[in-house]
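Enquirer: No letters, just coordinates:
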């Protein structure tokens, strides 16, 4: 993949800016489970995901987690360069969910070009708007949806991402995605099992009836 | 107030762009209670608040509300021009909480200048980052804080905004700010009254002990 694959506005950049971005790229290979970015403590740069998967989440003081969104091939991670936006005042943690290959554009280089380039700045705006929209979707889920519907929606999302009906995932991990306690997830999954929608086994959840899970998650 | 009061980057705009913004300004006077912007249905333009107060909130299908943030003098409302960002995929409602005087910059004019002007685009980025930060703060409140703490925090915020300890506000209105039911708010307020932190009367809440409310809201 080439760097222009991440920037639909590549041709609107000046030759000099293109060159500076190309020369700044650093390739990194991240092992599954590694925390790449930890709150406001570091500001490594923009991450261009070539393959793998990243998860952005927030942590409570008590150590609870909730997933904000995931990043896949061709996605750009902006919050690993959050220090370039003075008004961005919150801490996000970014973790590799799978082995991930990515390119880094160092923050100061990106920021300097963005200060001069309207196309790059407007494109950055669009990336932020997309992440903002995902967080708003999450807020609506948390506010208005009961946990059984959220668990059903999460299982369907996972099945789509993994392209299979048998998910190797613990109740603890599901709880960390949804920002709740393991016990709550276990109760919901048992309810779904009782209804014949899923089948539970050690460290795995099998989806038996996607249609009804879909109906449940939509209500 | 002059238009440059809203744009710290005013001097970085070209003379032509300054002129175009100045000539496009429309003055509006909004009565308290008026809904100015309703989801993705309209896209009137950027609102520059001169005096008064706006409230941005979301609505559930069932008609429940939760306040995202408020806008005061010198604030810019971006989401009333949300159509200019393709990736902004959520519906926010904007309502005047008080009689409000504001200026409107029509969306298409702002968008055309932003497409050419790196300073204006970067500044727009900062405004969006600021709103994003407020929503993240809210998400953290909703996720990790119990309702008694949120009610305490809300009362203190209102007292600061209104600059007084006696708030003319109904339990219903507090519930709509916090995204919960009136009954829940009534129960919390009675609990706070029992603890000697507030005094309740018809359509009003009086703060009796700001120090302890502060302590409660912080835990």
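Expert: Arrived safely, thanks for sending. Here the structure is a predicted model, which means the values were calculated and not measured. Residues are numbered from 1 along each chain as shown, chains lettered A, B, ... in the order given.

Enquirer: Next to chain B, which bits of chain A? Give me the list.
Expert: Those residues of chain A that sit near chain B, judged by C-beta under 8 Å from any C-beta of the partner chain, are A:58, A:60-62, A:64, A:66, A:85-90, A:114-118, A:121-122, A:124-133, A:135-140, A:142-144, A:179. For glycine as for every other residue, the C-beta is placed from the backbone atoms N, C-alpha and C.

Enquirer: Pull out the buried residues from these.
Expert: Buried members of the residues of chain A next to chain B, counted by 16 or more other C-beta atoms under 10 Å in any protein chain shown: A:58, A:66, A:85, A:88, A:90, A:114, A:117-118, A:121-122, A:124-125, A:127-133, A:135-136, A:138-140, A:142-144, A:179.

Enquirer: Just give me the residue closest to the centre of chain A.
Expert: What sits nearest the mean C-alpha location of chain A, by C-alpha atoms, centre = their mean, is residue A:70, with 1.8 Å.

Enquirer: picking up where we left off before, which of the residues of chain A next to chain B fall in strands?
Expert: Within the residues of chain A next to chain B, residues falling in strands by DSSP state E are A:58, A:66.

Enquirer: next SSE after the worst-scoring helix or strand of chain A on mean pLDDT?
Expert: Using mean pLDDT, DSSP states H and E, the weakest-scoring helix or strand in chain A turns out to be strand A:35-38, at a mean of 91. Of the helices and strands lying after strand A:35-38 in sequence (DSSP states H and E), the nearest is strand A:45-51.

Enquirer: Phi, psi for residue A:31 please.
Expert: phi -80, psi 150 (degrees, to the nearest 10).

Enquirer: and residue A:95, how far is that from residue A:55?
Expert: Using C-beta to C-beta, to the nearest Å, one gets 5 Å for the distance from residue A:95 to residue A:55.

Enquirer: Check residue A:89 too.
Expert: Shown here: residue A:89 relative to residue A:55, a distance of 21 Å by C-beta to C-beta.

Enquirer: can you check residue A:90 too?
Expert: Distance, residue A:90 to residue A:55, using C-beta to C-beta: 16 Å.

Enquirer: same question, residue A:37
Expert: Here the criterion is C-beta to C-beta. By it, residue A:37 lies 11 Å from residue A:55.

Enquirer: so what sits against both of those two?
Expert: Common neighbours of residue A:37 and residue A:55 are listed as residue A:94 (criterion: C-beta atoms under 8 Å, 6 or more residues apart in numbering or on different chains).

Enquirer: more neighbours, those two?
Expert: Between residue A:37 and residue A:55, counted using other C-beta atoms under 10 Å in any protein chain shown, the more crowded position is residue A:37 (23 against 19).

Enquirer: my guess is the more buried one meets residue A:44, correct?
Expert: Yes. With contact taken as C-beta atoms under 8 Å, residue A:37 and residue A:44 are classed as touching, separated by 6.4 Å.

Enquirer: Find the residues that touch each one of those two.
Expert: A shared contact of residue A:37 and residue A:44, defined by C-beta under 8 Å, 6+ apart, is any residue touching both; here these are residue A:80.

Enquirer: give me the number of residues near the closest residue to residue A:145 other than its chain neighbours?
Expert: Once its chain neighbours are removed from consideration, residue A:145 has its nearest residue in residue A:153; the separation is 7.8 Å (C-beta to C-beta, 6 or more residues apart in numbering or on different chains). When neighbours are counted by other C-beta under 10 Å, residue A:153 registers 18.

Enquirer: distance between the strand or helix carrying residue A:153 and the chain's centre?
Expert: Secondary-structure assignment from DSSP H and E places residue A:153 in helix A:147-162. Taking C-alpha atoms, centre = their mean, to the nearest Å, one finds helix A:147-162 lying 15 Å from the centre of the chain it belongs to.

Enquirer: In terms of secondary structure, what does whichever helix or strand comes after that helix contact?
Expert: Taking DSSP H and E as the definition, the helix or strand that follows helix A:147-162 towards the C-terminus is strand A:166-167. Packed against strand A:166-167, as judged by 3 or more C-beta pairs under 8 Å, 6 or more residues apart in numbering or on different chains; DSSP states H and E, are the following elements: helix A:147-162, strand A:204-207.

Enquirer: Tabulate the ones you listed in a markdown table, adding columns for mean pLDDT.
Expert: As requested, those are exported to a markdown table (pLDDT from 0 to 100):
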| stretch | mean pLDDT |
| --- | --- |
| helix A:147-162 | 95 |
| strand A:204-207 | 96 |
